[in-house]
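A.B. asks: this one's sequence-less:
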């Protein structure tokens with residue numbers, strides 16, 4: 001899957017901290033899993049639209 005996060009936005013959000021290169025990859029994997037779970041919940045509820053409640 002494509003990169004889901006914007007590294008510059010993450011770095012800006014954590015402006016008081018250093019961010020290791022591995023952090024971005026792990027965060028991207030976490031976001032991908034979160035999206036997959038939300039899509040599955042929507043599908044389980046017979047919807048094609050993922051909604052905030054699916055998170």
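C.D. replies: Done, it's in. Everything numeric here is computed off the predicted structure, so don't read it as measured data.
A.B. asks: the longest helix along the chain: which residues count as buried?
C.D. replies: In the chain, taking DSSP state H as the definition, the longest helix is helix 21-44. By neighbour count on 16 or more other Cβ atoms under 10 Å, the buried set for helix 21-44 is 23-24, 28, 38, 42. All C-beta atoms are positioned from the backbone trio N, CA, C, and that covers glycine.
A.B. asks: possible to save those as CSV with distance to residue 7?
C.D. replies: As requested, the buried residues of helix 21-44 are arranged in CSV below (distance: Cβ to Cβ, whole Å):
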residue, distance to residue 7
23, 9
24, 5
28, 9
38, 23
42, 28
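A.B. asks: kindly reformat these as CSV containing pLDDT and distance to residue 55.
C.D. replies: Converted to CSV, these look like this (pLDDT from 0 to 100; distance: Cβ to Cβ, whole Å):
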residue, pLDDT, distance to residue 55
23, 94, 21
24, 94, 21
28, 95, 17
38, 98, 5
42, 98, 10
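A.B. asks: what residues are up against residue 10?
C.D. replies: 19, 23-24, 27 (Cβ atoms under 8 Å, 6 or more residues apart in numbering).
A.B. asks: so, low pLDDT: which residues of the protein?
C.D. replies: 1-2 (pLDDT under 70).
A.B. asks: grab the nearest non-local neighbour of the spatially most central residue of it.
C.D. replies: For the chain, residue 31 is the residue whose C-alpha lies nearest the centre (Cα atoms, centre = their mean; 2.1 Å). Of all residues not flanking residue 31 in the chain, residue 4 sits nearest, at 4.6 Å (Cβ to Cβ, 6 or more residues apart in numbering).
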